[in-house]
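Engineer: starting from these lines, generate the structure:
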Amino acid sequence: MTRNKSILSHNSVLEHLHTFKQVPISIGCTLEDEKKDILIDQEWDICQDTGIIQLRDPLSLELVYKYPHNDAFGTSWDNHFRKFSSFISKYNPKNVLEIGGGSGKLSSLYVKRNPTCHWTMLEPNSQGYDLNPTKNQNIEIIQEWFTNDYKIKQNIDAIVHTHVLEHTYDPIDFLKTIYNKSNQNTKHIFSFPNLLESLKKYWTNCLSFEHTVFLTEEITDIVLQQSGFKILEKQYYEDHSIFYACEKSIPQQVEFPSSIYSTNKLIFLNYLKYHQNDIKNLNKKIEEFDGEVFLFGGHIFSQFLISNGLNTNKTKYILDNSSLKQNNRLYGTSFIVKSPQILKNHKKAAVILRAGTYSKEIKQDIINNINNKVIFF
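Structural biologist: Predicted coordinates:
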């Protein structure tokens, strides 16, 4: 599919921002032959009317999500699920439909605290995760996509999703589908990443073949109202996520302020300039370093740097704490993913760490628990 028009206003006032060359189509890890990997150009446009930044050519969902990778590992994710579960509990739902349950951590946590709740989890890639934690008689796992054709079998009092909205190719259609499948008392409760802060802080996991639209909080507030949802409450989880609780109302005609376009364009261009300079500086450090170099993140964190010119001549392995990725190859590269534990006996090793909001906990873990002599670039 090609987006020749804005996904929000459906007009053709699009302005080209940037093309990233030869980007891997998946951010997962695989055991398949590297020759099967697909790398294509990634073109980004901005709508002059709404300010939405969008990928011009989204890919097939089957290709993009072929390799499950979001096992939500680490302290930041654990705290996210704990706080979001508490946020949901304020509304005391007893029959929940979760769209895209991933590793099942949210459902497990909520049902453990609310044992009378029945939780239905729609997860098309459930076979890729170890869902043992969700083996609870009150949790039903359905391997299916949430579409207009999905039929809700029971009376749902809450539709929940976490870090799903930014993955949808048509957010308004997605929200309208939720609206149409909800009754008047159904709560719509979700979490999604604070993408504006992510781009401002130059985090490389903000835009990708999975995050094909730059949904900021301001834009999300408007499209919720346009889709018929009244925002009851919002809560911020650090600079990681924003929690929303909504209910059905009457769709509103809300205009997009002209300031969104100028703000988003400037932030995006600053993002590009920052990474051009950062990779240039990293390459200089790598050239001058006489030890082994490791790259952290069996994920887009590493792919972004590599595809934008990072010197990998001295790179030994890519490191990641996720057992889902370890001993697999990062798609689009020749590098095998290993546990950071392999750093334990290294006397001279450098780790390139650009993992956004997770960088602090990753660095502390390596220094405190593995090897305090590791240098970080």
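Engineer: show me the contacts for Ile306.
Structural biologist: Residues in contact with Ile306 (Cβ atoms under 8 Å, 6 or more residues apart in numbering) are Leu295, Thr312, Gly332, Thr333. Just so you know, the C-beta spots here come from the backbone N, C-alpha and C atoms, and that holds for glycine as well.
Engineer: looking at those, which is nearest Gln22?
Structural biologist: Ranked by distance to Gln22 (Cβ to Cβ), those are led by Gly332 at 8.6 Å.
Engineer: confirm for me that the closest one is in contact with Gly28.
Structural biologist: No: using Cβ atoms under 8 Å, Gly332 is not in contact with Gly28, being 9.8 Å away.
Engineer: can you point out the buried residues in stretch 311-319?
Structural biologist: Within stretch 311-319, the residues scored as buried using 16 or more other Cβ atoms under 10 Å are Asn311, Thr312, Thr315, Lys316, Tyr317, Ile318, Leu319.
Engineer: three-state assignment of Ile366?
Structural biologist: helix (DSSP: H, G, I helix; E, B strand; the rest coil).
Engineer: pLDDT score assigned to it?
Structural biologist: Here the pLDDT value assigned to Ile366 is 97.
Engineer: before we move on, back to that, lowest-confidence one in the buried residues of stretch 311-319?
Structural biologist: Among these, Lys316 has the weakest pLDDT, 89.
Engineer: the closest residue to that residue other than its chain neighbours: neighbour count?
Structural biologist: The shortest distance from Lys316 to any non-neighbouring residue, by Cβ to Cβ, 6 or more residues apart in numbering, is to Glu292 (4.8 Å). Using other Cβ atoms under 10 Å, Glu292 has 16 neighbouring residues.
Engineer: quick check: Glu292 touching Lys347?
Structural biologist: No: judged on Cβ under 8 Å, Glu292 makes no contact with Lys347 at a distance of 9.9 Å.
Engineer: mind listing what's buried in the longest strand along the chain?
Structural biologist: The residue-count maximum for a strand in the chain (DSSP state E) belongs to strand 14-24. Neighbour-count burial for strand 14-24, counted by 16+ other Cβ under 10 Å, picks out Leu14, Leu17, Phe20, Val23, Pro24.
Engineer: now the residues you listed as a markdown table including distance to Ser191?
Structural biologist: What follows is the buried residues of strand 14-24, written out as a markdown table (distance: Cβ to Cβ, whole Å):
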| residue | distance to Ser191 |
| --- | --- |
| Leu14 | 29 |
| Leu17 | 27 |
| Phe20 | 27 |
| Val23 | 27 |
| Pro24 | 27 |
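Engineer: now, among these, which is nearest to Glu218?
Structural biologist: Leu17 (18.6 Å).
Engineer: which SS state does the closest residue to that closest one other than its chain neighbours fall under?
Structural biologist: Spatial nearest neighbour of Leu17, chain neighbours left out: Trp44 (4.7 Å); criterion: Cβ to Cβ, 6+ apart. Recorded secondary structure, Trp44: strand (three-state DSSP).
Engineer: and Trp44, what does it touch?
Structural biologist: His16, Leu17, His18, Thr19, Phe20, Ile53, Gln54, Leu55, Arg56, Leu207, Phe268.
Engineer: now Cys47. Its backbone dihedrals?
Structural biologist: phi -80, psi 130 (degrees, to the nearest 10).
Engineer: now do stretch 200-211, average pLDDT.
Structural biologist: 95.
Engineer: and it, end to end?
Structural biologist: End-to-end distance for stretch 200-211, by Cα to Cα, to the nearest Å: 16 Å.
Engineer: and for stretch 282-299?
Structural biologist: 19 Å.
Engineer: in it, what's buried?
Structural biologist: Leu282, Ile286, Glu292, Val293, Phe294, Leu295, Phe296, Gly297, Gly298, His299.
Engineer: still on that earlier bit, tell me which of the contacts of Trp44 is nearest to Glu62?
Structural biologist: Using Cβ to Cβ, the contacts of Trp44 come closest to Glu62 at Leu55, 17.0 Å.
Engineer: wait, that closest one sits on Ile40?
Structural biologist: No: using Cβ under 8 Å, Leu55 is not in contact with Ile40; the gap is 11.3 Å.
Engineer: neighbour count winner among those two?
Structural biologist: Leu55 (21 against 14).
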